[in-house]
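1. Structure for the following, please:
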Amino acid sequence: MARPPKYRQVERLPVVTYFKPQGIPMSQLSEVVLTVEELEAVRLCDLDSLDHEVCAERMAVSRPTFHRIIVSARKKISEALINGLAIRVEGGNYRIVLSKLECKECGYKWQGNFCRRHTKCPFCKSTDWDNVKD
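-> The predicted model follows:
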């Protein structure tokens, strides 16, 4: 009997979970499904330019496991872009990690899952905040 898969740590949930090519009706569209942890791997490695070892640490997986996740994600994204498929982000085996945040305007500190477009300071409602490192 196989052991249950470990949860991957995810710092940010996606705000947008569906991408489709322009000009193709939904009824004629095929799609690929990208898991939340695959999207997180792409964010850490390709957007934040972190190396695989650091990405693996942040996601609480081994380096070979991170490599498998990022290769799978890139293959799905490439397939969608080249073949004109939609990308749906859903599912996976992940756990959300809360970040330490600090408001730049009032100095209030809190923990939460953040998104640059949607997170506001719970105290003063400012959108000007930073992710605080330990």
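2. these two touch, right, A60 and E37?
-> No - with contacts counted by CB atoms under 8 Å, A60 stays clear of E37, the gap being 10.5 Å. All C-beta spots, glycine's among them, are computed from the backbone N, C-alpha and C.
3. of the two, who's got more company?
-> E37 (23 against 16; other CB atoms under 10 Å).
4. pLDDT wise, what is E38 at?
-> E38 carries a pLDDT value of 98.
5. ok, it - how many residues close by?
-> 24.
6. and what of A56?
-> Counted with other CB under 10 Å, A56 comes out at 23.
7. Okay, and it sits in which element?
-> Here A56, judged by DSSP states H and E, is contained in helix 52-59.
8. overlap in contacts of A60 and E37?
-> Taking CB atoms under 8 Å, 6 or more residues apart in numbering as the criterion, A60 and E37 both touch R8.
9. Which strands and helices lie in contact with the helix holding A56?
-> strand 8-10, helix 36-42, helix 63-83 (3 or more CB pairs under 8 Å, 6 or more residues apart in numbering; DSSP states H and E).
10. Tell me which of the ones you listed lies nearest to Q28.
-> Q28 sits nearest to helix 63-83 of all these, at 13.1 Å, using CB to CB.
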